[in-house]
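**Student:** I would like the atomic coordinates for the input below:
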Amino acid sequence: MGEVKDAVKGTGPSRKKNPIDANLTDQARTFAAELSRLTVIKDDDVLSEGEGERPENIRKAAQLRAAHALMTHVIALLEDY
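**Tutor:** Residues are numbered from 1 along each chain as shown. This next block holds a predicted model:
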């Protein structure tokens, strides 16, 4: 499996669960930063995996961007709280 898919869906029941060690705003910022990193990887996949995979990679990159946009709003809501 690819790094992006593993990061989004996990690697199965043996994956580690991180303890909550930061406030929600910090966790949301960390999550948004990870979404940004994964989007860059998926954008690279668009360029490197060939035309057959291109539409799927573009769709997945768009989903990551949408999730990042939502997290941006979550962060704003938490900061205003």
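
**Student:** For residue 39, grab phi and psi.
**Tutor:** phi -60, psi -40 (degrees, to the nearest 10).

**Student:** For it, list the residues it contacts.
**Tutor:** 61, 64-65, 68 (CB atoms under 8 Å, 6 or more residues apart in numbering). From N, CA and C alone the C-beta is placed, and that goes for glycine too.

**Student:** gap between the closest residue to it other than its chain neighbours and residue 26?
**Tutor:** Spatial nearest neighbour of residue 39, chain neighbours left out: residue 64 (4.4 Å); criterion: CB to CB, 6 or more residues apart in numbering. Counting by CB to CB, to the nearest Å, the separation of residue 64 from residue 26 is 21 Å.

**Student:** Among the two, which residue is more densely surrounded?
**Tutor:** Higher neighbour count among residue 64 and residue 26: residue 64, with 23 against 12, using other CB atoms under 10 Å.

**Student:** quick one: the more buried one and residue 34 touch, right?
**Tutor:** No - contact between residue 64 and residue 34 fails when scored by CB atoms under 8 Å: they sit 9.8 Å apart.

**Student:** Identify the residue spatially nearest to the residue nearest the centre of the chain, adjacent ones excluded.
**Tutor:** Closest to where the C-alpha atoms of the chain average out (CA atoms, centre = their mean) is residue 35, at 2.8 Å. Excluding the flanking residues, the one nearest residue 35 by CB to CB, 6+ apart is residue 68, at 4.3 Å.
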